[in-house]
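Colleague: Sequence and predicted structure below; questions after.
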Amino acid sequence: MSSPSDWFSNGMKPVLVAVVFLALRNPVMAAKGTAAGEWPEIPAAEKALTSVKEDPTAAAVVLLNERNGKILRRADEWVNVLDYHWRLKVLTDEGKEYGEVRIPHSKYSRVSNIRGRTVRPDGTVVEVDPGQIFESEVLRVGSYRLTEHVFNFPAVEPGAILEFRYDRHDNLLLFIDPFFFEGPEVTLRAKVMQAIPEEMGYQILCSRCPPGTEPKLGRWVEGPAKGKKYDLELLNLPGYRDEIFMPPRRDVSPRLEMNLHTWKGHWSEALGRESDFFKDWDSVALYTDYYYRKAIREGFAQMKTVAGAWVEGIEDPAGRIRAILGHVQRDFRYIPYDSVVGGTRPIKVIVESGLADNEEKAVLLMAALEAVGIRSDATLVAGKQKGTLNPNFFSFSQFSHTIVAVPQADGSTMWLDPTVAYAAAGFVPSKNSGAQVLLIKDRTGKVSQLPTKNEASATRYEVTLKPRADGLSEMTLVAELTGEDAIDLREELIPISETARKERLERWLKNQQEGSMLGPHTFENLEDPDKPLVVRLTAEVKGLVTQADELLLVRGCVLSGYASNPLGRTRRQHEVQVNRGWNDQETVIIVPPEGMEAVDVPPTRKADGGIARLTFHCTTTLEGTVRCSRVFTCQRGRWDAGKMAQLQKMFDGVVEADRTMIAFQPKEAAEAAATSGGE
């Protein structure tokens, strides 16, 4: 089971659509064959490795995380050709989870030439069959598709070494994709090399690298291409796992970033100069402002008509802003990128497609406001989910999305986030609360900070459960969601059909309890963000009832419990961070079968991790039912890694509480026991 704050989720991350595996093989994926030297020799010490001293309980160890890049001229374009190489050793049965590989696509790059192999403990090699490498669709928004490549290693077992390689061609050269040295487990060796032509210069950032560490600079020559290359290798790094309470990777993991600084002889239309690119925040602001304002100018006539219809009959400026913001948020399906490049498609294309990414939403909003005479400014946001802004590294790579600033008569600023649809007026999402920003005003850039506003979000389940002797239960559920819990669900459900909503409910229910059958259901206040979102449903549920002799054992926690501790036993060296607080409540009323009553009510259980706590309490009622209440809360904030031991212990207590069973027995047996006791 998952936390109710992850409503309709798979694991700990919201899933927007089901993953669909394509049966057709993608021809660009086929391996080109194993060339000599493609798989460097595995050192004998790594072959013999059975554990790592940095983390003796580790399920696996990353032996090598390597990326080699080179910027080459291909016909009329420049492209960064990247070669990724990953090698991992499985140490325990738990480490077999790394047998599945998912390689995501990104906005400005393409993946090809994927190949992999398993080296068994006895030294035999089993290659990944190219025909078993598939393209998987992870997101479809209108005509837009986001895909990833998926494959499974053969012969995965403790002691096996898994390695794969692939190529990525990246057309975005404003910055080089950041390289993070840490893998998900202890990483013994991480290497990065990036070659650039002699006419290019990049600002280098080695963040959280060991003191005194910096990339080695050398000469690069490859055919007609020549220039310089940067090399850096780091050893024995702690793992960074994508789990709850983990801070953004950028805040804790060593990484190498490169930001385009100079390009000799290259003219930038946006900057209005040759050779010099991003040397300060004003350069970033000027570049962004040029392309945003160009799109606004070219689309102004169209937006004057569109925005005029949106505000028809509304004279109040504040009312006009609310109306325009609502249309931009909800009329255009959001393509959820968490990157910024200072560019946008033409407004005509965006309007016709009905789709917009984070920058395009901001440009649409600014264009619509300008069309009705309201001034606004673009603001690049380093979202809290992405990490802290480095004020001295002038790169787009630090930002996650764009919002709009509207100056007010009293000198204050109204901040509008068009990427957050179906939110109540003035609601501030956790990714924006206290986030650092680059405000672009009068073609200059100023680093600032958004106001901190801790909005309340909550999920409350009210469950009535009628267990049956056949092991099934009849369940009635009323779920009430507020704040971001409601926003997330609205953003998923509103754009899809009634049939798709039903299918999504069915998948969620079966994820909670396999074999469950959804019955009648309704959604209340679905399109009214000023009110809580309410979901009502009935279902037939499996897995909540166990029979033992004459006893009927019924789960006291139905939907929000944890089947296992979500925090691994791996020693955690990273700090604890919660960007979005939890307030999850579940009340379960168990109505026993006719002729049965509760034997004993279990004692109250509590688990406290300092920043998070759970209370689980059951009572009997005069009607003979049992009422169980589960309350789990977690506050927003940051703490040092020393908190992890207490949190791991807390979740052990949470799992124990969530497994609580309520025992019912026939009333005759209870009466007989009472009589026998009296004699």
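Modeller: Received, thanks.

Colleague: Now do the helices in the chain.
Modeller: Using DSSP state H, the helices found in the chain span residues 44-48, 249-252, 281-298, 300-310, 317-331, 347-353, 358-371, 483-493, 498-512, 643-658, 667-678.

Colleague: I'd guessed residue 437 sits against residue 449; true?
Modeller: Yes. Using CB atoms under 8 Å, residue 437 is in contact with residue 449, at 6.8 Å. The C-beta positions use only the backbone N, C-alpha and C, and glycine is treated the same way.

Colleague: Would you mind telling me which of those two has the busier surroundings?
Modeller: Shown here are residue 437 and residue 449; by other CB atoms under 10 Å, residue 437 has more neighbours (23 against 11).

Colleague: List the contacts of the closest residue in space to residue 607 that isn't next to it in sequence.
Modeller: Leaving out its chain neighbours, the residue that sits closest to residue 607 by CB to CB, 6 or more residues apart in numbering is residue 653, at 3.2 Å. The contact partners of residue 653, by CB atoms under 8 Å, 6 or more residues apart in numbering, come to 605, 606, 607, 614.

Colleague: Tell me the buried residues within those.
Modeller: When neighbours are counted using 16 or more other CB atoms under 10 Å, the contacts of residue 653 contain these buried positions: 605, 607, 614.

Colleague: Which residues does the second one form beta bridges with?
Modeller: This points to residue 607. Residue 607 has the following beta-bridge partners by DSSP bridges: residue 614.

Colleague: In contact with it, which residues are there?
Modeller: By CB under 8 Å, 6+ apart, residue 607 lies in contact with 613, 614, 650, 651, 652, 653, 654, 657.

Colleague: So the fifth one sits against residue 566, correct?
Modeller: No. In this structure residue 652 lies outside contact range of residue 566 using CB under 8 Å: 11.0 Å.

Colleague: Comparing these two, which residue is more hemmed in?
Modeller: Neighbours were counted for residue 652 and for residue 566 using other CB under 10 Å; residue 566 has more, 18 against 15.

Colleague: Residue 605 is in contact with residue 656, correct?
Modeller: Yes. Contact criterion CB under 8 Å: residue 656 and residue 605 qualify, at 7.0 Å.

Colleague: Quickly note the distance from residue 618 to residue 556.
Modeller: According to CB to CB, to the nearest Å, residue 618 and residue 556 sit 6 Å apart.

Colleague: cool, residue 595 as well?
Modeller: For residue 595 relative to residue 556 (CB to CB), the value is 21 Å.

Colleague: so where's the stretch 1-150 of the chain shaky on pLDDT?
Modeller: The model of the stretch 1-150 of the chain has pLDDT under 70 over residues 1-37, 141-143.

Colleague: residue ranges for the strands of it, please.
Modeller: 9-10, 13-14, 20-21, 60-74, 77-90, 100-104, 109-119, 125-127, 134-141, 144-152 (DSSP state E, counting those that start in this stretch).

Colleague: Go through those strands and name the closest to residue 225.
Modeller: Evaluated over the strands of the stretch 1-150 of the chain, closeness to residue 225 peaks at strand 60-74, with 5.9 Å, by CB to CB.

Colleague: Between residue 595 and residue 556, which has more neighbouring residues?
Modeller: Higher neighbour count among residue 595 and residue 556: residue 556, with 27 against 10, using other CB under 10 Å.

Colleague: which residues touch that one?
Modeller: 588, 590, 602, 616, 618, 626, 628, 630, 660, 661, 662.

Colleague: Roughly how far does the nearest residue to it once chain neighbours are set aside sit from residue 607?
Modeller: Nearest residue to residue 556, sequence neighbours excluded (CB to CB, 6+ apart): residue 628, at 3.9 Å. Distance, residue 628 to residue 607, by CB to CB: 15 Å.

Colleague: Same question for residue 494.
Modeller: 36 Å.

Colleague: In this structure residue 345 contacts residue 361, no?
Modeller: No. Counting by CB under 8 Å, residue 345 does not reach residue 361; the two are 11.6 Å apart.

Colleague: More neighbours: which of the two?
Modeller: Ranked by neighbour count (other CB under 10 Å), residue 345 and residue 361 place residue 361 first, with 27 against 15.

Colleague: Quick check: closest non-adjacent residue to the more buried one.
Modeller: Spatial nearest neighbour of residue 361, excluding adjacent residues (CB to CB, 6+ apart): residue 418 at 3.9 Å.

Colleague: tell me the contacts of that neighbour?
Modeller: Contacts here follow CB under 8 Å, 6+ apart; on that basis residue 418 touches 325, 328, 329, 361, 362, 364, 365, 403, 404.

Colleague: Please apply the same query to residue 96.
Modeller: Counting by CB under 8 Å, 6+ apart, residue 96 has contacts 90, 156, 157, 158.

Colleague: on that earlier part again, pull the number of nearby residues for the residue nearest to residue 556.
Modeller: By the criterion of other CB under 10 Å, residue 628 has 24 neighbours.

Colleague: same question, the one 10 residues further on
Modeller: By other CB under 10 Å, 13 other residues sit near residue 638.

Colleague: Show the pLDDT at it.
Modeller: Predicted confidence (pLDDT) at residue 638: the value is 90.

Colleague: so how far is residue 381 from the nearest residue to it once chain neighbours are set aside?
Modeller: What sits nearest to residue 638 in space, not counting adjacent residues and going by CB to CB, 6+ apart, is residue 577, at 4.8 Å. Distance from residue 577 to residue 381, counting by CB to CB: 18 Å.

Colleague: Tell me which of the two has more neighbours.
Modeller: Neighbour totals were compared for residue 577 and residue 381, and residue 381 leads with 26 against 17 (other CB under 10 Å).

Colleague: Enumerate the beta-bridge partners assigned to the more buried one.
Modeller: residue 401, residue 437.

Colleague: Contacts only, for it.
Modeller: Counted by CB under 8 Å, 6+ apart, residue 381 has contacts 399, 400, 401, 402, 403, 431, 432, 435, 436, 437, 450.

Colleague: quick revisit: tell me, what's touching residue 618 and residue 556 both at once?
Modeller: Residues touching both residue 618 and residue 556 by CB under 8 Å, 6+ apart: 602, 626, 628, 660, 662.

Colleague: Nearest to residue 425 among those residues?
Modeller: Nearest to residue 425 among these: residue 628, at 36.8 Å, using CB to CB.

Colleague: Dump the strands of the stretch 1-150 of the chain to a markdown table, plus distance to residue 191 and mean neighbour count.
Modeller: Formatted as a markdown table, those follow (distance: least, CB to CB, whole Å; neighbours: other CB atoms under 10 Å):
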| stretch | distance to residue 191 | mean neighbour count |
| --- | --- | --- |
| strand 9-10 | 33 | 15 |
| strand 13-14 | 29 | 12 |
| strand 20-21 | 33 | 10 |
| strand 60-74 | 5 | 19 |
| strand 77-90 | 9 | 19 |
| strand 100-104 | 19 | 15 |
| strand 109-119 | 19 | 19 |
| strand 125-127 | 23 | 14 |
| strand 134-141 | 29 | 17 |
| strand 144-152 | 23 | 17 |
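
Colleague: Figure out which of the ones you listed is closest to residue 509.
Modeller: With CB to CB, the closest approach to residue 509 among the strands of the stretch 1-150 of the chain belongs to strand 9-10: 12.9 Å.

Colleague: For beta bridges, what are the partners of the nearest residue to residue 601 once chain neighbours are set aside?
Modeller: Spatial nearest neighbour of residue 601, chain neighbours left out: residue 618 (4.9 Å); criterion: CB to CB, 6+ apart. Note on residue 618: beta-bridge partners residue 628, judged by DSSP bridges.
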